[in-house]
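**Q** pasting the sequence and the predicted model now:
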Amino acid sequence: MSRLRRALPFLAWPRPDLALLRGELLAGLTVGLMIIPQGVAYAALAGMPLVTGIYASLLPALVAVLFGASPRLSVGPTALTSLLVGASLAPLATAGSEQWVMLAAWLALLCGALQVLLGLVRFGWLLNLVNSPVLMAFTQAAALLIVASQLPPLLGASGWPGLIAGLQTGGAVGAWHWPSVAFGLGSLALLWLARRWRPTFPVVLLVVVASAGISRFTGFEAGGGAVVGSLPEGLPALVLPGWPGWPVLAQLVLPVLVITLVSFLETASSAQVDNAGRQTRWDQDQDLIGQGLAKLVAGFSGTFPTSSSFSRSALNLYAGARSGWATLVSVAMVGLALLLFMPVLHHVPRTVLAAIVLVAIVGLIRPAAFVRLWRLSRVEALIAGTTLLVTLAAAPALYWGVLAGVLMSLSHFLYLRLHPRIIEVGLHPDGSLRDRHLWHLPPLAPGLYALRMDAALDFATATGFERAVAEHLEAHPDTRHVMWIAHPVNWTDATGAEAFGRLRQTLERRGITLHLVGIKLPVEQLLQRAGHLDKAAGLRTYRTEAEALQALPDLDTAQAV
C-alpha cells in the first residue's frame, strides 16, 4: 500500500469532513480568485493568447496536485517561467502566432517529459547543480527584465520607443493615452497597498472586475484604449501540436533545459516550505514526476509550461489549506470562470494586466541580498553579480545567464576540491589540535610534522597532499616524524591509495616514521587491500588524537604497531 501511495500521493490525503472542507473551501476560493487574472497577465508576458493562461491553471494544476508530493502548491503560470517562454521563442516565431503557440506547447511537452524521466530515475539531486547565489541573481535579473517589459504597457505605450517619445514631449496631448495611464497607475497603487495591508484579500479579482466595469461604462475601448478583448469560452480541448521539424526542436534544447531547471527550483522553494509545515520529508523525485505530468498536460492543452507559484502557494498556506482539496476547489473556480466569466474579461484594460505582473514580481528584486552575500563570500558574490550581468546582456536568450552561473559555480567547486585545506597542527591551550601558524603554536614535538587535510584523499587532492609533505621535508631536512591527522578523510580512491603508497616509500627511504591518527574504516580497508598498511617499521597507528598525544614523549623509542 505504501508503494501505491507513493505512486498516487492523493491516496494519502485526509478524508474530508465538515471542518476540513470549510478551511479547504476558503483557501481554494482565495487562490482561485487570484489565479484567474494572474493567468491572463502571465499569458501576455509569455506572448501567448490570453486565454491560455487560464488553461494553464486548470488541467495542469489538477494533475500536479494528484501526482505531486506537495499537495498544497499552487501550480500554473508563473512570471519567471512565462518570461523564459517568451524569451526562448522570440527568435523563432511571432508572438501570439500559431507557430508561437505550437512551439510553446512543444516546450511544455519536452520539459514535462524530461522532468518525468528525471523523477522516475530518482535524479532529483540534479537540483543541487544550481546553488542559491546563482538562482538569486538569475531571478533578480529576470525580474528586472520583466519590469522593463511591463513599464510601457503599464502606461499605455506600445513599447519603449512610444514611452520615450511621451517622456520627451512631457506628456503632451496625443503623446500618451491618459485613461490608460490612469488605469495602470491606479491599479498598481491599489494592488501594492492591498498586498501590504491585506495579503489574503482577493484584491486582484476586485481590481479586474472594477476596471472592467469602469472601462465598459466610460467607453475606454472606443476611445482608443487597449483591452483584453474577446476570449473563447468553454473548457480547453486536448490537442496534438504540429511537428515543427528537427532543426527547430534542436533550437529548443537549451531553453528546455533551463526552463526545466528553473521551474523545478521554483517548485523547490515552495515545496520545502510546504513540507516543513506538514513536518514531512520532501520527496523531490515525486514532485518532479507531478510537475512533469502537469507540463505534459499543459502541452496537450495547447498552453505553455507551468510551474509552482511561490506567492500563490504561500497564500494557499496562509489561507489555511491543509491538503490538496483546496487546490481542487481552485481548479473548480477556474473551470467555472472559463464557462461563465470570459465576457467580463473582455473590457479589462491591458494596463491592468501589466500592473498585476509588476506587483507580483517586484518582491523578487532584492539588492540587499547581494550585500549580504558579499559579507558571506566575495567569490560567490562575484559569481552572482556576473550571472546577473550575463542574464541582462544576453536577453532575450536568458538561458546563458543560468549556464554561466552554473559553470562558474562548478569551476569554483572544482578549484576548492583541487586545492584542499592542508594545515600543520599544534596543541592549543584548550587541548585541541589547531592550525599551528594561525594560532602561533609551537610544533607538537621536535622533528615532527603534524598535518591535517580537510578533504577526501582522492584523485583531486592526492597531488596537493603529496606536495604539502614534500615541501615541508625540503624546508625542514631534520624532520624525523610525519603525523597525519586523518579523521577528516572519509574516503579514498585508487589514485589516493597510490599517492599514499608513494608517500610511505619516500618516508622510508629517508628514515622518517609515519604516524596515522584516526583513520576511518573505509579508508583503512582500501589502503590495506592496496598493501600500504603492512605492519612494518616506519608506520605507527593511533585510533584517537589523545592516544597520539600521549605517545609524543616516546616518538623515537615506541615500537611500530
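**A** It's in. Note that the coordinates shown come from a computational prediction; the quantities given were computed from them, not determined experimentally.

**Q** helices of the stretch 251-400 of the chain, residue ranges please.
**A** Secondary structure of the stretch 251-400 of the chain (DSSP state H, counting those that start in this stretch): helices at 253-278, 284-300, 310-318, 325-340, 342-345, 350-361, 368-376, 378-394, 399-418.

**Q** which one of those helices lies closest to residue 140?
**A** helix 378-394 (6.1 Å; C-beta to C-beta). No exception for glycine: its C-beta is placed from N, CA and C like everyone else's.

**Q** which one of the helices of the stretch 251-400 of the chain lies nearest to residue 443?
**A** Here helix 399-418 is closest among the helices of the stretch 251-400 of the chain (C-beta to C-beta), at 27.8 Å.

**Q** which outside residues touch that closest one?
**A** Defining contact as C-beta atoms under 8 Å, 6 or more residues apart in numbering, one finds that helix 399-418 is touched by 84, 88, 129-131, 133-134, 137-138, 141, 254-255, 257-258, 261-262, 379-380, 383-384, 386-388, 390-392, 394, 455, 460-461, 464.

**Q** in the protein, what helix or strand scores lowest on average pLDDT?
**A** helix 160-168 (a mean of 68; mean pLDDT, DSSP states H and E).

**Q** C-terminal to that helix, what's the next element?
**A** Downstream of helix 160-168, the first helix or strand assigned by DSSP states H and E is helix 178-197.

**Q** could you pull out the buried residues of that next one?
**A** Applying a neighbour-count criterion of 16 or more other C-beta atoms under 10 Å, one finds 179, 180, 181, 183, 184, 186, 187, 188, 190, 191, 194, 195 buried in helix 178-197.

**Q** identify, from those residues, the entry nearest to residue 494.
**A** Nearest to residue 494, judged by C-beta to C-beta, of the buried residues of helix 178-197 is residue 195 at 58.2 Å.

**Q** so who does that closest one touch?
**A** Contacts of residue 195 by C-beta under 8 Å, 6+ apart are 203, 359.

**Q** how close does it sit to residue 359?
**A** Computed as C-beta to C-beta, to the nearest Å, the residue 195 to residue 359 distance reads 6 Å.

**Q** then residue 176?
**A** In terms of C-beta to C-beta, residue 176 sits 21 Å off from residue 359.

**Q** so those two - more neighbours on which side?
**A** Legend: neighbour count by other C-beta atoms under 10 Å for residue 176 and residue 359, higher for residue 359 (23 against 19).

**Q** how about the contacts made by that one?
**A** With C-beta under 8 Å, 6+ apart, residue 359 has these contacts: 188, 191, 192, 195.

**Q** now do 10 Å
**A** Counting by C-beta atoms under 10 Å, 6 or more residues apart in numbering, residue 359 touches 41, 187-195, 203-204, 207, 311.

**Q** with residue 261 instead?
**A** 111, 114-115, 126-127, 129-130, 135, 138, 399, 402-403, 406.

**Q** try 7 Å this time
**A** Residues counted as contacts of residue 261 (C-beta atoms under 7 Å, 6 or more residues apart in numbering) are 130, 402.

**Q** on the pLDDT front, check it for me.
**A** Looking at residue 261, its pLDDT stands at 91.

**Q** kindly report the same for residue 556.
**A** 63.

**Q** ends of stretch 425-442, how far apart?
**A** Stretch 425-442 stretches 9 Å from its first residue to its last (C-alpha to C-alpha, to the nearest Å).

**Q** average model confidence for it?
**A** Across stretch 425-442, pLDDT averages out at 94.
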